[in-house]
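**Q** Kindly return the folded structure for what I paste below:
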Amino acid sequence: SHQNGSFAAEYEPLQPDVPPDLEQWGTEVFGVEPDAVNLWMGDDQAVSSMHKDHYENLYAVVRGSKIFTLLPPWDYHFLSPESY
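**A** Below is the predicted model of the structure:
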């Protein structure tokens, strides 16, 4: 899997389905062009483990729902970070 650019590398046939101004909108939001555009797919059983992303993110749900639990950076000391 290409976590830093999987959309262009692995899902090029889907590119025509993405609105042409979506990447431009991300650039406007963050003030820079995106370092990577990724596509993550899952079914209704998919669960993401707690993690910290190294990049700013825009997230879009095409169908279904996704629940996020966001924690403020100052609560970091309440967590038990581990490497896997």
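
**Q** Residue 37: how many residues sit nearby?
**A** 19 (other Cβ atoms under 10 Å). Where you see a C-beta, it was placed from the backbone N, CA and C, and this is true even at glycine.

**Q** was I right about it contacting residue 4?
**A** No. Using Cβ atoms under 8 Å, residue 37 makes no contact with residue 4, being 9.4 Å away.

**Q** Pass me the low-pLDDT residue ranges in the chain, would you?
**A** The model of the chain has pLDDT under 70 over residues 1-3, 83-84.

**Q** Just give me the longest helix of it.
**A** helix 22-30 (DSSP state H).

**Q** buried ones in that one?
**A** Neighbour counts over helix 22-30 (16 or more other Cβ atoms under 10 Å) mark residue 26 as buried.

**Q** What of stretch 5-14?
**A** Going by 16+ other Cβ under 10 Å, stretch 5-14 has these buried residues: 7, 11.

**Q** C-alpha coordinates for it, PDB please?
**A** Extracted in PDB, the C-alpha atoms of stretch 5-14 (Å, rounded to 0.1, in the frame of the first residue of the first chain):
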ATOM      1  CA  GLY A   5      -0.100   8.900  -2.500                       C
ATOM      2  CA  SER A   6      -2.200   5.700  -2.800                       C
ATOM      3  CA  PHE A   7      -4.900   7.400  -4.800                       C
ATOM      4  CA  ALA A   8      -2.800   8.300  -7.800                       C
ATOM      5  CA  ALA A   9      -0.700   5.100  -7.500                       C
ATOM      6  CA  GLU A  10      -3.300   2.500  -7.000                       C
ATOM      7  CA  TYR A  11      -6.700   3.900  -7.900                       C
ATOM      8  CA  GLU A  12      -6.100   5.900 -11.000                       C
ATOM      9  CA  PRO A  13      -9.200   4.600 -12.800                       C
ATOM     10  CA  LEU A  14     -11.300   6.400 -10.100                       C
END
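
**Q** burial count for residue 16?
**A** As a burial measure, residue 16 scores 7 neighbours (other Cβ under 10 Å).

**Q** Roughly how far does it sit from residue 59?
**A** 21 Å (Cβ to Cβ, to the nearest Å).
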